[in-house]
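K.L.:
Just need the structure, nothing else, for what follows:
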Amino acid sequence: RFFSPDFARAINLFIPPGFTEGLAVFRESQVPAGAGRLNHPFFLMQARAGMNASNGWTLSQMLEQPSYTRPFDRFYKGGSLFTQFFIQTYGKAGVARVFNWQQNLPILGFGASLRYATKESPRNVRRRFEEWYNLRETALQASIGERSASRLVTGRKGEISRKPQWISDSTWVVFSLGYNLPRGFRRVSINGEKSRISRNEITDDAFFQLAQDHSSILYSRYDEHPYTRAVKTSHSYALDLSTGSEHRIARSDHTYNPVRLNDGTVLALQSGGQFNRIVEIGESAVKTERLAYARSNFVSLAPRPGSDSLAVIVNVEGHQAVFLIDSSAEDWKMSPWIGFPNSSIYDGSWSASGRYYSFTSDRTGILNVYVLDAHTEQISQITNVLYTAMEGQVSPRGDQIVYIEYEDQRFDLKVAPFPGPFHVSINRDE
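P.N.:
Residues are numbered from 1 along each chain as shown. You can find the predicted model right below:
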């Protein structure tokens, strides 16, 4: 009584974080229906890959925070799956019993609370979870069907490659990091050889734009406040590929994901409270804000080479689609271009010719790479993978496509013929 009620509430913090956070993820995925991370393939892919690798994640691996191996938010992903199983198997009353036992006998640990709440041993609970998981995973893999073929360029456990962009028909620029690989931009040849361009950070989505003449990169990163490490501000930067030197773009405070239009204008995204806007940055910037929509977030900008057209991915109340903007117009307006009613579009990238627009969509329940031919307006699904394929880009000659494919603890750089053996035409009216 002396410590109540604060100490009594704090006892709940002794429960593994995967169980408590898993409950939060489960709840957010129920209201409204279809929302939340349990319905997001990118969130689930790491849990699925971890469960399918070798002997899968143990119960403690699913529920506790890792210190050395990716994903470092494993307890969120594994815990949310376990919580979903737990509620479907033992009901909400089972969750209440776990917390009641934890409240009454905290010194016995979570294993004892789990045993008393379910009347089963933790080992048997784990076995029942495996059966539940294997049943749904078998059905999911059957729905995927035949998988697309590709060639691994570079990848190993712990290594992450992001946003590959063609410099030539046999070389890319990528942002990469790993367990023993410093963060930074690298050149990667088609035979897997790497050379470091720079060692630096980048904002969370790893977005960067390669200049059309391949001389520089535009990207953004967080810079620490000079007086406190608790405050960081995003700025946009330009990186010289020949020297590896960089400079901060003027008027770029609180901006991210910068791009350069064909006329030399530099655009970026800038947050404003819960939402964001498109702004013009740089020394010559005249009109700061170019476009903003109420209750909408711009995800990425992709100028079409040799054109004034700007492809923009916009998130409106959780749904993402691609719109086109005529950047030469005085007043910018968005025109709908690519979208699917029950799925979203994520990253987008033009080929050097300006003919092919590659993007990622979860329309099949798995993130895969799609390509739109701007000459014919035909959309094709190019990959069909087990976990995730994303961030594709068609080669300058238009005969290959590079993309990132996820496996357990690794984001591999892969290349495939374009169009390849797997090439499914998509009806845009579906």
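
K.L.:
Would you agree Phe72 falls within a strand?
P.N.:
No: applying DSSP: H, G, I helix; E, B strand; the rest coil, one finds Phe72 to be coil, outside a strand.

K.L.:
mind checking pLDDT for it?
P.N.:
Per-residue confidence (pLDDT) for Phe72: 90.

K.L.:
Equivalent analysis for Tyr293, please.
P.N.:
At Tyr293, pLDDT is 91.

K.L.:
burial of the closest residue to Arg70 other than its chain neighbours, as a residue count?
P.N.:
In this structure, Arg70 finds its nearest non-sequential neighbour in Gln409, 4.9 Å apart by Cβ to Cβ, 6 or more residues apart in numbering. Just so you know, the C-beta spots here come from the backbone N, C-alpha and C atoms, and that holds for glycine as well. A total of 20 residues lie near Gln409 under the criterion other Cβ atoms under 10 Å.

K.L.:
any chance you could read off phi and psi for Gln409?
P.N.:
phi 60, psi 30 (degrees, to the nearest 10).

K.L.:
Was I right to think it contacts Tyr68?
P.N.:
No: using Cβ atoms under 8 Å, Gln409 is not in contact with Tyr68, being 11.1 Å away.

K.L.:
hang on, the earlier thing: which residues are in contact with the residue nearest to Arg70?
P.N.:
Residues in contact with Gln409 (Cβ atoms under 8 Å, 6 or more residues apart in numbering) are Ala49, Gly50, Thr69, Arg70, Pro71, Lys157, Gly158.

K.L.:
of those, buried ones?
P.N.:
Ala49, Gly50, Arg70, Pro71 (16 or more other Cβ atoms under 10 Å).

K.L.:
for these, which one is nearest Leu301?
P.N.:
Nearest to Leu301 among those is Pro71, at 28.0 Å by Cβ to Cβ.

K.L.:
Verify the stated contact: that closest one with Leu44.
P.N.:
No: using Cβ under 8 Å, Pro71 makes no contact with Leu44, being 11.6 Å away.

K.L.:
shared neighbours of the two, anything?
P.N.:
Joint contacts of Pro71 and Leu44 (Cβ under 8 Å, 6+ apart) are Lys77.

K.L.:
mind listing what the nearest residue to Ile325 once chain neighbours are set aside touches?
P.N.:
Computed as Cβ to Cβ, 6+ apart, the closest residue to Ile325 that is not its neighbour in sequence is Leu310, at 4.3 Å. Going by Cβ under 8 Å, 6+ apart, Leu310 touches Leu261, Leu267, Leu301, Ala302, Pro303, Arg304, Leu324, Ile325, Asp326, Ser327.

K.L.:
what distance separates the strand or helix carrying Gln209 from the centre of its chain?
P.N.:
Per DSSP states H and E, Gln209 falls inside strand 208-210. Offset of strand 208-210 from its chain centre (Cα atoms, centre = their mean, to the nearest Å): 17 Å.

K.L.:
And the contacts of the helix or strand just after it?
P.N.:
Using DSSP H and E, the next helix or strand after strand 208-210 towards the C-terminus is strand 216-224. Outside strand 216-224, the residues that touch it by Cβ under 8 Å, 6+ apart are 173, 175, 185, 200-203, 207-211, 231-241, 249, 252, 255-260, 266, 268.

K.L.:
Burial check on the closest residue to Asn342 other than its chain neighbours, number of neighbours?
P.N.:
Leaving aside its sequence neighbours, Asn342 sits nearest to Arg363 (Cβ to Cβ, 6+ apart; 7.5 Å). Neighbour count for Arg363, taken as other Cβ under 10 Å: 17.

K.L.:
Quick check: pLDDT value at Arg363.
P.N.:
pLDDT at Arg363 comes out at 92.

K.L.:
Trp350 too?
P.N.:
The model's pLDDT for Trp350 equals 97.

K.L.:
Could you pull up the contacting residues of it?
P.N.:
Ala302, Pro303, Arg304, Pro305, Ala311, Tyr356, Tyr357, Ser358, Gln393.

K.L.:
hey, what's it bridged with?
P.N.:
Tyr357 (DSSP bridges).

K.L.:
same check, this time on Gly272
P.N.:
Under the criterion used (DSSP bridges), Gly272 bridges to Phe275.

K.L.:
swap in Thr233?
P.N.:
Asp223.

K.L.:
I figured it was touching His225, is that so?
P.N.:
Yes: using Cβ under 8 Å, Thr233 is in contact with His225, at 7.0 Å.

K.L.:
got a list of what the nearest residue to Glu317 once chain neighbours are set aside touches?
P.N.:
Residue nearest to Glu317 in three dimensions, not counting chain neighbours: Arg295, with 6.7 Å by Cβ to Cβ, 6+ apart. Shown in contact with Arg295 (Cβ under 8 Å, 6+ apart): Phe275, Val316, Glu317.

K.L.:
between those, which is nearest Met334?
P.N.:
Val316 (10.6 Å).

K.L.:
Report the separation between the residue nearest to that closest one when sequence neighbours are not counted and Gln65.
P.N.:
Excluding the flanking residues, the one nearest Val316 by Cβ to Cβ, 6+ apart is Ser296, at 5.0 Å. Distance from Ser296 to Gln65, counting by Cβ to Cβ, to the nearest Å: 34 Å.

K.L.:
Ok, Leu301 next?
P.N.:
Counting by Cβ to Cβ, the gap from Leu301 to Gln65 is 35 Å.

K.L.:
More neighbours: which of these two?
P.N.:
Leu301 (22 against 14).

K.L.:
nearest residue to the more buried one other than its sequence neighbours?
P.N.:
Val259 (4.7 Å).

K.L.:
Residues contacting the strand or helix carrying that neighbour, please?
P.N.:
Applying DSSP H and E as the criterion places Val259 in strand 255-260. Strand 255-260 has contacts (Cβ under 8 Å, 6+ apart) with 203, 205, 207, 209, 211, 218-220, 234-237, 249, 252, 266-271, 279, 281, 300-303.
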